[in-house]
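*Asks:* Let's see this in three dimensions:
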Amino acid sequence: MKPMGPIPPEYAGQRGMLTIAGRPALDWLAQRDGPVFVYDPAIVAARVARFRAAFPAIDLHYAIKANPFPPLLAGMAELVDGFDVASAGELAKVERLGRPVSFAGPGKRDAELSAALTAGVTINLESEGEATRALAIAERLGVRPRLAVRVNPDVELRGSGMKMGGRPSPFGIDAVRVPALVRHLVAAGADWRGFHIYAGSQALDPQAIIDTQAATIALAARLAEEAGQAPPLVNLGGGFGVPYFAGDTALDIERVGAALETAVAARPDILRDSRFAIELGRWLVAEAGVYLARVVDRKESGGETFLILDGGLNHQLAASGNFGTVVRRNYPLALAHAMGGEATETVSVVGPLCTPLDRLGDRIALPRGDVGDVVAIFLAGAYGATASPCAFLGHGPAAELLPRDHSD
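*Replies:* Numbers count the residues shown, from 1 in each chain. A predicted model of the protein is given here:
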């Protein structure tokens, strides 16, 4: 038997039938031929409120790559100060929602730069070559480009699931080359918007985040001094993790917020008029989502029991262990009708795909599950539907549902 991660607190205390956003799990599946993702906007709103309390002087940006479901974005527009996108396709989802937008990511095509410049969004430049192209396109369009510099920092976020700094990288411009580029942008007449400095993701160690944020502020000040330009905004990135696996502990953001408040209050003079932002994705939405799939077969093989679902890694790649993890571990999951029930057997929960990688629960303890029962996989609000190969083997996508989405 292998352990599972902790069920999010909003669901962990439930008994009997799982309730999501005030409705029984089976109601969300009614009259639908296949699995569904259900997102509870109240959990998202509570996360934003908690952030605001912990970071009262810091802007909050939502990185929509975590979950770009349009009804979710519409609600998020009422809660956050800006959106971060990574493609023209993502830009199209948010450019009419009335919030500032920044565009990050390497390999922006000329058409994407043109769309961003036309829409007046801030482009986080990832290279000197991208800067040259952005300036030339802006001149052709007759617009003043809003340009920030993404810095490849000379520090990394300790304990992060995905390190984004402190090493050669396709992301951002090496810190040593940033001041010259800033001077060039200002001399070229660009509307320089500041720095984007992102060192890593999925960190659960508050001290590691505190240390990285302090180092980021110091780096921003040093680069600004060398460039001779005070940045209007310093985007500190994000990196806030959520507890997916056994042994994970939820991040103490109140501790992080108190330390950042102290660091910002003591910031160097060149940053005195700069605003600061934190850019979050999964921390805001992961625990708000639940993936529901039906058991279509129960089988025994070699002394092991398998529950086979009508959806798998084609919808929930991350839960299968094939999205950014080195060692496969179990996400929290449950039988939807038996929350809090006594485990009576050890089973593996798998999807319908013709690959041994399609395993959502590896030898876990559950109450007995039979054909027709529903399995709930938690922490499905981030990097689920759009981060998974939904067209693989032609099974099709899962439905996505939100209480305010009247399509449900």
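*Asks:* only C-alpha atoms for contact and neighbour calcs from this point on.
*Replies:* Noted.
*Asks:* And stretch 372-388, end to end?
*Replies:* 24 Å (Cα to Cα, to the nearest Å).
*Asks:* for the record, mean pLDDT for that stretch?
*Replies:* Mean per-residue pLDDT for stretch 372-388: 97.
*Asks:* Can you list the neighbours in contact with it?
*Replies:* Outside stretch 372-388, the residues that touch it by Cα atoms under 8 Å, 6 or more residues apart in numbering are 7-8, 26, 37, 39, 65-68, 244, 281-282, 285-296, 313-318, 331-337, 397-398.
*Asks:* excluding its backbone neighbours, what's nearest A188?
*Replies:* Excluding the flanking residues, the one nearest A188 by Cα to Cα, 6 or more residues apart in numbering is L135, at 7.8 Å.
*Asks:* hang on, that neighbour in a strand?
*Replies:* No. Checked against DSSP: H, G, I helix; E, B strand; the rest coil, L135 lies outside a strand; its state is helix.
*Asks:* domain assignment for the chain?
*Replies:* If you go by automatic domain parsing, the domain ranges for the chain are 9-39+286-401, 68-280.
*Asks:* Measure how buried A111 is and give me the count.
*Replies:* 11 (other Cα atoms under 10 Å).
*Asks:* How about A57?
*Replies:* Residues near A57, counting by other Cα under 10 Å: 16.
*Asks:* which SS class is it?
*Replies:* Classified using three-state DSSP, A57 is coil.
*Asks:* quick one: contacts for it?
*Replies:* E261, F276.
*Asks:* Quick check: phi and psi on G172?
*Replies:* phi 80, psi 180 (degrees, to the nearest 10).
*Asks:* Next up, the contacts around it.
*Replies:* Neighbours of G172 in contact, by Cα under 8 Å, 6+ apart: P106, L125, E126, S127, V149, R150, V151, N152.
*Asks:* count of residues packed around the residue nearest to the first one when sequence neighbours are not counted?
*Replies:* Which is P106. Spatial nearest neighbour of P106, excluding adjacent residues (Cα to Cα, 6+ apart): E126 at 5.7 Å. Residues lying near E126 (other Cα under 10 Å) number 24.
*Asks:* And E126, how far from S201?
*Replies:* For E126 relative to S201 (Cα to Cα), the value is 18 Å.
*Asks:* I278 too?
*Replies:* Taken as Cα to Cα, the span from I278 to S201 is 12 Å.
*Asks:* what do you get for W28?
*Replies:* Distance from W28 to S201, by Cα to Cα: 32 Å.
*Asks:* For stretch 365-372, buried residues please.
*Replies:* For stretch 365-372, a neighbour-count test (16 or more other Cα atoms under 10 Å) marks A365, L366, P367, R368, G369, D370 as buried.
*Asks:* Could you do stretch 177-197 as well?
*Replies:* Applying 16+ other Cα under 10 Å to stretch 177-197 flags 178-179, 181-185, 190, 192-197 as buried.
*Asks:* For the stretch 201-350 of the chain, which residues score under the pLDDT cut-off?
*Replies:* Residues of the stretch 201-350 of the chain meeting the criterion pLDDT under 70: 326.
*Asks:* Strands of that one, start to end?
*Replies:* 233-235, 275-280, 289-301, 304-309, 333-335, 345-350 (DSSP state E, counting those that start in this stretch).
*Asks:* Partner strands of the last one and their direction?
*Replies:* Going back to what we said before, that points to strand 345-350. strand 304-309 (parallel), strand 359-366 (antiparallel) (DSSP bridges).
*Asks:* For M1, list the residues it contacts.
*Replies:* Per Cα under 8 Å, 6+ apart, neighbours of M1: T346, R363, I364, A365.
*Asks:* Could you tell me the model confidence score at it?
*Replies:* Reported pLDDT for M1: 93.
*Asks:* What separation do you get for it and L366?
*Replies:* 10 Å.
*Asks:* Can you pull the residues that touch both of these two?
*Replies:* T346.
*Asks:* Now find how far off-centre the helix or strand hosting A138 is within its chain.
*Replies:* Per DSSP states H and E: A138 is located in helix 128-141. Remark: helix 128-141 is offset 29 Å from the chain centroid, using Cα atoms, centre = their mean, to the nearest Å.
*Asks:* sorry, back to before: just the contacts of G172: which are in strands?
*Replies:* If you go by DSSP state E, the contacts of G172 have L125, V149, R150, V151, N152 in strands.
*Asks:* which residues does the third one bridge with?
*Replies:* Same thing as R150. H196.
*Asks:* thought it was touching R193?
*Replies:* No. If you go by Cα atoms under 8 Å, R150 and R193 don't touch, sitting 10.7 Å apart.
*Asks:* hey, what's in contact with both of these two?
*Replies:* Between them, R150 and R193 share no contacting residue under Cα under 8 Å, 6+ apart.
*Asks:* re the thing from before, residues in contact with both of I278 and S201, list them for me.
*Replies:* In contact with both I278 and S201: G238, using Cα under 8 Å, 6+ apart.
*Asks:* Helices of the stretch 151-300 of the chain, start to end?
*Replies:* 178-187, 206-227, 253-265, 282-285 (DSSP state H, counting those that start in this stretch).
*Asks:* want to try TSV for those helices, with distance to E112 as columns?
*Replies:* Formatted as TSV, the helices of the stretch 151-300 of the chain follow (distance: least, Cα to Cα, whole Å):
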stretch	distance to E112
helix 178-187	19
helix 206-227	27
helix 253-265	34
helix 282-285	25
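*Asks:* wait, what's in contact with N124?
*Replies:* S102, F103, A104, G105, L147, A148, V149, R150, F195, H196.
*Asks:* Recalculate using a threshold of 10 Å.
*Replies:* 84, 86, 102-106, 130-131, 146-151, 172, 193-197 (Cα atoms under 10 Å, 6 or more residues apart in numbering).
*Asks:* any idea of the pLDDT on it?
*Replies:* pLDDT, N124: 97.
*Asks:* That one bridge partners, please.
*Replies:* A148.
*Asks:* if I look at it, how far off is V375?
*Replies:* 41 Å.
*Asks:* start to end distance for stretch 269-283?
*Replies:* Stretch 269-283 end-to-end distance (Cα to Cα) = 31 Å.
*Asks:* quick one: buried residues of that stretch?
*Replies:* I270, L271, S274, R275, F276, A277, I278, E279, L280, G281, R282, W283.
*Asks:* swap in stretch 95-106?
*Replies:* Buried-residue list, stretch 95-106, by 16+ other Cα under 10 Å: E95, L97, R99, P100, V101, S102, F103, A104, G105.
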